[in-house]
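S.K.: Sequence isn't available, so here's the structure alone:
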Ligand SMILES: Nc1ncnc2c1ncn2[C@@H]1O[C@H](COP(=O)(O)OP(=O)(O)O)[C@@H](O)[C@H]1O
Ligand SMILES: Nc1ncnc2c1ncn2[C@@H]1O[C@H](COP(=O)(O)OP(=O)(O)O)[C@@H](O)[C@H]1O
């Protein structure tokens, strides 16, 4: 029984959703890094759902930023999302660190999936023009 | 902003519902005693809703048992209720203390209201027979 | 007193401290991924022990405002979490404030897999030690039913 | 170090302790009926200070297994909650482990109404003191914006 689970949801075509629920800090950051690694390894886009997170600190931001960098290097879409019910503390760390330019945070699952699929479009497909 | 509120709901005819939410122990027991006092002072039946309680200890049981005794002395209906979603710890203390004979605990608001209204029926009304 | 506790908490023996201990315990249980039912039992037993310190330990003190201390040690080993709740009060056999329901110690017995209440050597005061297995073979509430402690629900006036 | 703390916590400086401190803080905030937004800031700032102890304070120790201590004092006065996070480590200017994002101290500055980081006299080690008003006149994140600490988000490779 995990109080603060991190799960992979692979029900979406070509995208892995990483569900982060509960409190996350330096203690669970290594698990998050593993799950993100796993999600990136699938080859499709990666969406991180922070809607169910009740706490996150800078160790978690660090894990997300590293994953985002690796996704970009691999040409993979990577998007984080929350929704209107997100815990104030989670929204707060995203707001005050001004990370949004480097870590795209969108509202809701649908927008997140759309955004990641857009980035995901292999630029190679458009090149023979 | 109360994290562990105790509120009186007077929307029901002739019955006051005492809503106990969050964690309750020796620190909030005096507040619960006051609220129960207030509810009993209304003259109608009293229903205590523990459905939203996430923790309660023997100080809270003590407050409930005292209120129940006073209600009986006053010929007032007094019923405690939970529902199927009640926190395991709250159900646990009710179960293992074997209090149900002295502290009626029913399932759900409707049954609680029905039970309290039944006790509430003034026996005097039936006496001139 | 636990020799090398993992977490030690120390605070004045006041009602508002009991929730601090309970939530710190929940934080520790989180890291140990303790079963929610067992955590609920831990919370209740530890709350009862802390409440006894607040209510009974320091009733002999003249000065109402100044309270004694409430100390709690938490130690996780491979099989169980051990909790020690300590005070520097007047001890178990002192008059110790008006008894409440009398449910505290019976609840501790019913919710823990092992427990011990003892007068502390030296300084005086009381210590309650509780051990909670992560995996239970038997429900401790069946092994130590409250009815068999001599405790009875208050009699119905009817 | 707070002279007469209300709650004192002491534990080994390990990752799993940070949640214990955070939840104990939440328990204290419950009793004080602290505004949820301010509590969220407290939790984050205190978490960052504790994480620094876990990550940086004891990196000079040969023995990986044996960690130093993480001590936290909480004190509520009429206007504010003060938190002191202390270690007995190598101090701020020591090599102190590989820097992470570098967001810890900037976040503490942005989330508390007052803070101080200092080397401890005597035994060595570091102490971070943070004060959180119950009622704010200004958002501390506006008074001490993270952008003005020199911290910048890692550059986008594009
Ligand atoms: N920490 C303590 N210090 C002094 N006396 C205590 C302490 N804990 C328990 N006692 C004594 O043991 C009695 C039984 O405790 P308990 O079973 O918890 O019932 P209650 O607290 O409802 O009276 C108390 O009434 C008190 O006299
Ligand atoms: N408790 C501590 N003991 C030793 N060094 C520390 C401590 N706290 C902070 N430091 C030093 O201060 C630096 C900046 O800390 P911080 O802003 O939290 O960023 P980060 O932890 O991401 O490196 C750390 O890299 C470390 O060298």
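M.R.: Good, I have the coordinates. Quick caveat, the model's predicted, so the values are computed rather than measured. Numbering: from 1, shown residues only, chains lettered A, B, ... in the order given. Ligands and ions are numbered 1, 2, ... in the order given.

S.K.: what residue ranges in chain A score low on pLDDT?
M.R.: Chain A contains residues with pLDDT under 70 at A:1, A:120-129.

S.K.: burial of the residue in it positioned nearest to ligand 1, as a residue count?
M.R.: Nearest residue of chain A to ligand 1: residue A:3, at 29.4 Å (Cβ to the nearest ligand atom). Bear in mind the C-beta positions are built from the backbone N, C-alpha and C, glycine included. Counted by other Cβ atoms under 10 Å in any protein chain shown, the residues lying close to residue A:3 total 18.

S.K.: Could you do residue C:22 as well?
M.R.: If you count neighbours by other Cβ under 10 Å, residue C:22 ends up with 24.

S.K.: do residue A:91 as well
M.R.: With other Cβ under 10 Å as criterion, residue A:91 counts 15.

S.K.: beta partners of the closest residue to it other than its chain neighbours?
M.R.: Once flanking residues are discounted, residue A:91 sits nearest to residue A:82: 6.5 Å by Cβ to Cβ, 6 or more residues apart in numbering or on different chains. Residue A:82 has the following beta-bridge partners by DSSP bridges: residue A:107.

S.K.: Which single residue of chain A ends up nearest ligand 2?
M.R.: Per Cβ to the nearest ligand atom, residue A:58 is where chain A lies closest to ligand 2, at 6.4 Å.

S.K.: contacting residues around the nearest residue to residue A:25 once chain neighbours are set aside?
M.R.: Counting by Cβ to Cβ, 6+ apart, residue A:25 lies nearest to residue A:57, which is 4.7 Å off, once chain neighbours are set aside. Neighbour list for residue A:57: A:24-26, A:93, D:44, D:47-48, D:51 [criterion: Cβ atoms under 8 Å, 6 or more residues apart in numbering or on different chains].

S.K.: ok, now with 7 Å
M.R.: Residues in contact with residue A:57 (Cβ atoms under 7 Å, 6 or more residues apart in numbering or on different chains) are A:25, D:44, D:47-48, D:51.

S.K.: Likewise for residue A:111?
M.R.: Residue A:111 neighbours (Cβ under 7 Å, 6+ apart): residue A:81.

S.K.: again, but for residue C:61
M.R.: residue C:68.

S.K.: before we move on, the earlier item: surely the residue nearest to residue A:91 is in contact with residue A:48?
M.R.: No - judged on Cβ atoms under 7 Å, residue A:82 makes no contact with residue A:48 at a distance of 9.7 Å.

S.K.: of the two, who's got more company?
M.R.: Taking other Cβ under 10 Å, residue A:82 and residue A:48 do not tie; residue A:48 has more neighbours (29 against 21).

S.K.: I'd guess that one is in a helix, am I close?
M.R.: No - Residue A:48: not assigned to a helix; according to DSSP: H, G, I helix; E, B strand; the rest coil it is strand.

S.K.: host element of the residue lying closest to residue A:74 once chain neighbours are set aside?
M.R.: Of all residues not flanking residue A:74 in the chain, residue A:40 sits nearest, at 6.9 Å (Cβ to Cβ, 6+ apart). Taking DSSP states H and E as the criterion, the element that holds residue A:40 is helix A:29-41.

S.K.: count of neighbours near the residue of chain A closest to ligand 2?
M.R.: Here the count is done by other Cβ under 10 Å, and residue A:58 has 25 residues near it.

S.K.: Might you report the residue contacts of whichever residue of chain A sits closest to chain C?
M.R.: In chain A, no residue comes nearer to chain C than residue A:3, which is 4.9 Å away by Cβ to the nearest Cβ. Residue A:3 sits next to A:22, C:30, C:33 when contact means Cβ under 7 Å, 6+ apart.

S.K.: Just give me the closest of those residues to residue D:119.
M.R.: Proximity of the contacts of residue A:3 to residue D:119 (Cβ to Cβ) peaks at residue C:30, which lies at 32.3 Å.

S.K.: Please report phi then psi for the residue of chain C found nearest ligand 2.
M.R.: Proximity of chain C to ligand 2 (Cβ to the nearest ligand atom) peaks at residue C:7, 18.8 Å away. With angles defined as degrees, to the nearest 10, residue C:7 sits at phi -130, psi 130.

S.K.: ok so, going back, now for the helix holding residue A:40, which elements pack on it?
M.R.: If contacts are counted by 3 or more Cβ pairs under 7 Å, 6 or more residues apart in numbering or on different chains; DSSP states H and E, helix A:29-41 sits against strand A:6-9, strand A:15-20, helix A:58-73.

S.K.: what about the first one, near chain C?
M.R.: No - using Cβ under 7 Å from any Cβ of the partner chain, no contact is recorded between strand A:6-9 and chain C, whose separation bottoms out at 13.0 Å.

S.K.: how close does the residue nearest the centre of chain A get to residue C:70?
M.R.: Centroid-nearest residue in chain A: residue A:48, 2.6 Å away (criterion: Cα atoms, centre = their mean). To residue C:70, residue A:48 is 42 Å away according to Cβ to Cβ, to the nearest Å.
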